[in-house]
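Undergrad: Can you look at this prediction? I've put the sequence above it.
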Amino acid sequence: MNSPPTVAHPAHKDYEGSKLGMWLFLFTEILLFGGLFILYSAYRARYPLEFHNSGQHLNVVIGVVNTIILLTSSLTVAISITALRRRDRKLSLLSLSATIALGAAFLANKYIEWSGEIHHGLYPNSPALMQRPHGDQIFFGLYYSMTGLHGLHVLAGIVLLSVVLVFVIREKITGTDFNKLENAGLYWHLVDVIWIFLLPLFYLAA
Amino acid sequence: MEQTDMQEHIIPYRTLVFVWLLLILFTAILVSASRLFHETLSVGAMLVLTPIKAGLVFFYFMHLKYEKTYLKALVLLTLGLLVLVIGLLFFDVLYR
């Protein structure tokens, strides 16, 4: 028996719906971190002096360097999209790889920073911290929760961008079908925006 | 339909680099203000410059400036909700 003739349909792709879906997901992320910012504000209002003093134990240099790293990585992922759309695959791949490397550098700095603080006995429930005022304990609890959750997002972003990089190499993402790269870029930019708010809250408000 | 048919605008490299330079400049101002000036001034700089930095990322890097009105409205709605809740929180903290 002959099989029925197959008709080749172009794959249906809803780019606008895909982007809208990504934005809706980002809204949930904004509200997740927003909730933590509200928690921070409420406790800062209750323990202004303790938050001020505790902030002085953080490493401002690493905080600022990490800010520059993330801002630059946002630039490189945006360049990657423009390059791909202008059919410059080489530049697109190069800047996408640079974004992933910068993300890794951010996490490496975070590791150095946290190691230093843990070495000084400043971690949740540590004996040194338990002897300090209640406001200090809350400050460091919030610091580790918020920068830790943000760090997990950086890690997720690195994995996402690595998958997208493979797609670009295999030409599953091209200058005429770049939606996955765009959505991964949106996620990465949001991770950058969250850090833009974390910098003044923890590092500069001391 | 190709994606380029519905999305014409490509952000030029020079715009992206200019936005990045502004972001670095604002960060430098924020850090200097927190080191050099009185707390009131430095908190003021934070309250003004931090949302501007986030806005630059949203509008240019995240392409929001060139998106349809309904998407801009949705972003505004979400951020508006957050600002409203933060406002209510401060109302509660100040007048409790």
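TA: Arrived safely.

Undergrad: Only C-alpha atoms from now on, for both contacts and neighbour counts.
TA: Will do.

Undergrad: Run a quick neighbour tally on residue A:158.
TA: 21 (other C-alpha atoms under 10 Å in any protein chain shown).

Undergrad: try residue A:198
TA: Neighbours of residue A:198 using other C-alpha under 10 Å come to 21.

Undergrad: now swap in residue A:29 and tell me
TA: Neighbours around residue A:29, by other C-alpha under 10 Å: 17.

Undergrad: Kindly give the local confidence score, pLDDT, for residue B:44.
TA: Reported pLDDT at residue B:44 in the predicted model: 83.

Undergrad: which outside residues touch stretch A:46-64?
TA: A:44, A:109-110, A:113, A:117, A:133, A:135-136, A:139-140, A:199, A:202-206, B:31 (C-alpha atoms under 8 Å, 6 or more residues apart in numbering or on different chains).

Undergrad: again, but for stretch A:15-25
TA: Against stretch A:15-25 from outside (C-alpha under 8 Å, 6+ apart): A:179, A:183, A:186, A:187, B:3, B:71.

Undergrad: Go through those and name the one nearest residue A:168.
TA: residue A:179 (11.3 Å; C-alpha to C-alpha).

Undergrad: and after the lengthiest helix in chain A, which helix or strand comes next?
TA: Longest helix in chain A by number of residues, with DSSP state H as the criterion: helix A:134-169. Downstream of helix A:134-169, the next assigned helix or strand under DSSP states H and E is helix A:179-198.

Undergrad: just checking, what packs against that following helix?
TA: helix A:15-46, helix A:60-85, helix A:134-169, helix B:39-56 (3 or more C-alpha pairs under 8 Å, 6 or more residues apart in numbering or on different chains; DSSP states H and E).

Undergrad: I'd like to know which of these lies nearest to residue B:24.
TA: Nearest of the helices and strands packed on helix A:179-198 (C-alpha to C-alpha): helix A:60-85, 6.8 Å.

Undergrad: For that closest one, buried residues please.
TA: Across helix A:60-85, burial judged by 16 or more other C-alpha atoms under 10 Å in any protein chain shown covers A:60, A:62-64, A:66-85.

Undergrad: Spell out which parts of chain A neighbour chain B.
TA: A:15, A:20, A:27, A:31, A:34, A:38, A:42, A:45, A:64, A:68, A:71-72, A:74-75, A:78-79, A:82, A:85, A:176-179, A:185-186, A:189, A:193, A:196-197, A:200, A:204-205 (C-alpha under 8 Å from any C-alpha of the partner chain).

Undergrad: Mind doing that once more with 6 Å?
TA: A:78, A:176, A:177, A:186, A:193, A:204 (C-alpha under 6 Å from any C-alpha of the partner chain).
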